[in-house]
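K.L.:
fold the following for me, if possible:
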Amino acid sequence: MKGKIILKSIGIIHTPYKEPRGIPIQGRFEKDVTGQAEVFVEYQDGLKDIENFSHIILIYYFDRSKDEKLIGKPFLEDERHGIFAIRSPHRPNHIGLSIVKLHKVDGNIVTFSEVDMLNGTPLLDIKPYVSHFDSRENVKNGWIDKHFRNGNIPQRTKLT
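P.N.:
Predicted coordinates for the structure are as follows:
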């Protein structure tokens, strides 16, 4: 099947990041930054029991990315890679995914940390992070592994 798929936003993500500059390349590198997912009231019932998870997966739309590139340069290096081997927002469908630490749910507001998305980003879905399903052993991380040798965290952790 080739064609258009129509998705609808279930909410809006609120973060302190008003522009890409300063956003960490992954939220886990800035553990103290918090954000909120404002789930539209008509979807609020879908949050039932989510507070029992420590982490959740936010799926969202890179609404400010207008470019579509099949080859791009990741933030960790100058070498170019295929779009499906990097996490650039300039993807064919502009879909993002972040694992965040859940702090609390208050009505239709989900507070979380480990933020790595822009303020006002449209939220498409929330899924629980389940270590029994989502964690893997013997993982190969392709070109990224060289940036984490000996347990080091890359110096360039924020978008510039």
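
K.L.:
I figured R28 was touching F112, is that so?
P.N.:
No - under the criterion of C-beta atoms under 8 Å, R28 is not in contact with F112, lying 12.0 Å apart. All C-beta atoms are positioned from the backbone trio N, CA, C, and that covers glycine.

K.L.:
and these two? Which one has more around it.
P.N.:
Just comparing R28 and F112: by other C-beta atoms under 10 Å the higher neighbour count belongs to F112, 25 against 16.

K.L.:
bridging residues for the more buried one?
P.N.:
On the basis of DSSP bridges, F112 is bridged to G35, L102.

K.L.:
pretty sure it is touching V33, no?
P.N.:
No - when contacts are counted by C-beta under 8 Å, F112 is not listed as touching V33 (9.8 Å).

K.L.:
how much space separates K73 from N150?
P.N.:
25 Å (C-beta to C-beta, to the nearest Å).

K.L.:
please identify which of those two sits among more neighbours.
P.N.:
Remark: of K73 and N150, K73 carries more neighbours, 13 against 4, as counted by other C-beta under 10 Å.

K.L.:
please name the residues that touch that one.
P.N.:
By C-beta atoms under 8 Å, 6 or more residues apart in numbering, the contact list for K73 reads E79, R80, H81.
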